[in-house]
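Enquirer: this one's structure only:
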């Protein structure tokens, strides 16, 4: 088993590197590989070509890795916390909560006559997404402690998402044309809207969320056997739940704020990691899910550029078959 896991991790690592390089090479402008290599190694290259590679493609590829890992790990944590194989940032309304926060900021600020600098806009968007995601997570977590039925929690998440959508539609109806256009483009999901300055906020936030997730690996393994068992083993349930919610808020909220509501990665990819590694141990599953998430979003980004489609449409086509399989084979999930 250990040898198999080692081989799989080496394979996933190689795929991340290869797809990262492929994502930089693919784009609407055809750039020779020698120019890409020259730019990345500090050689001589045309200024426009260097700008495309460094300021657009390289940043976008980094964002794909960070966002894929963040969404997948947040989905894994939610599935463990709620003991629900169909839990995920999108299904339980966490992405909707982050979307509401962003909508209130993007659409609501102009209604109040508020204009801000790019830095304040970046911080405001991120803060609004974190608050929205945290509020929905806290609500769902509170209800899940009293209601153990998986279907009820799923229905609750969908109802919250519907309620949030209604509020967002009201804001859209009342907003001006410029703010509305900005929000509609954001809802399509994009990895290319993150600037180098925004990456300085995105990367630390996601890394912090991943570090918190790593710190609760052992408690999550204990939660697999139920809260009652974990409590008898001395686990501080409220503290563990708070750390998982904080990590998920940072991971899902940050990605939603800057890349839009990207669906299915958080729901589907943790199951891919389980299938590949045939293991329920989070010491294996968490890094596996992070790497599989990075790979999946790199693949989606490459296809979105080749087909000139929003990345959300590609993630849906990738994730929906996996979700259908999960529903059909639910009883076989470890």
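Expert: Ah, there it is. For clarity, every value in this text was computed on a predicted model and none was experimentally measured.

Enquirer: show me the strands in the protein, by range?
Expert: For the chain, none of the segments meets the definition of strands by DSSP state E.

Enquirer: could you find the closest non-adjacent residue to residue 139?
Expert: What sits nearest to residue 139 in space, not counting adjacent residues and going by CB to CB, 6 or more residues apart in numbering, is residue 160, at 7.1 Å. For the C-beta atoms, the positions are set from N, CA and C on the backbone; glycine is no exception.

Enquirer: hmm, the one you found is touching residue 93, no?
Expert: Yes. Because the distance of 3.8 Å satisfies CB atoms under 8 Å, residue 160 is recorded as touching residue 93.

Enquirer: could you pull out the residues contacting both of those two?
Expert: When contacts are counted by CB atoms under 8 Å, 6 or more residues apart in numbering, the set common to residue 160 and residue 93 consists of 136, 140.

Enquirer: what about the spatially most distant residue from the centre of the chain, distance to residue 29?
Expert: Relative to the centre of the chain, and counting by CA atoms, centre = their mean, the farthest-placed residue is residue 44 at 36.4 Å. Residue 44 sits 19 Å away from residue 29, going by CB to CB, to the nearest Å.

Enquirer: all helices in the stretch 101-250 of the chain, in order from the N-terminus.
Expert: With DSSP state H, counting those that start in this stretch applied, the stretch 101-250 of the chain shows helices at 118-144, 150-174, 177-187, 196-215, 217-223, 227-232, 237-259, listed in chain order.

Enquirer: quick one: contacts of the fifth one?
Expert: With contact meaning CB under 8 Å, 6+ apart, helix 217-223 is reached by 77, 80-81, 83, 229-230, 233, 235, 240, 243-244, 281-283, 286.

Enquirer: what is the nearest of those residues to residue 211?
Expert: Of all those, the one sitting nearest residue 211 is residue 243; the distance, using CB to CB, is 10.6 Å.

Enquirer: for that closest one, grab the count of nearby residues.
Expert: 18 (other CB atoms under 10 Å).

Enquirer: where does pLDDT dip in this structure?
Expert: Across the chain, the ranges flagged by pLDDT under 70 are 1, 91-92, 108-121, 144-145, 148-151, 153-154, 189, 327, 329-334.

Enquirer: tell me the contacts of the spatially most central residue of the chain?
Expert: Of all residues in the chain, the one closest to the mean position by CA atoms, centre = their mean is residue 71, 2.5 Å from it. With contacts taken as CB under 8 Å, 6+ apart, residue 71 has the following neighbours: 89, 251-252, 255, 262, 265-266, 269, 293, 297.

Enquirer: closest one to residue 58 out of these, please.
Expert: For the contacts of residue 71, the nearest to residue 58 is residue 297 (15.4 Å; CB to CB).

Enquirer: number of nearby residues for the closest one?
Expert: A count of neighbours around residue 297, defined by other CB under 10 Å, yields 34.

Enquirer: if I look at the residue nearest to residue 139, how far off is residue 96?
Expert: Using CB to CB, we find residue 160 at a distance of 6 Å from residue 96.

Enquirer: just want to know which of those two has more residues nearby.
Expert: Applying other CB under 10 Å to residue 160 and residue 96 shows that residue 96 carries more neighbours, namely 28 against 21.

Enquirer: on that earlier part again, what's the overlap in contacts for residue 160 and residue 96?
Expert: Overlap between the contact sets of residue 160 and residue 96, as judged by CB under 8 Å, 6+ apart, is given by residue 136.

Enquirer: show me what contacts the closest residue to residue 19 other than its chain neighbours?
Expert: Residue nearest to residue 19 in three dimensions, not counting chain neighbours: residue 298, with 4.0 Å by CB to CB, 6+ apart. When contacts are counted by CB under 8 Å, 6+ apart, residue 298 is found next to 16, 19-20, 22-23, 61, 64-65, 68.
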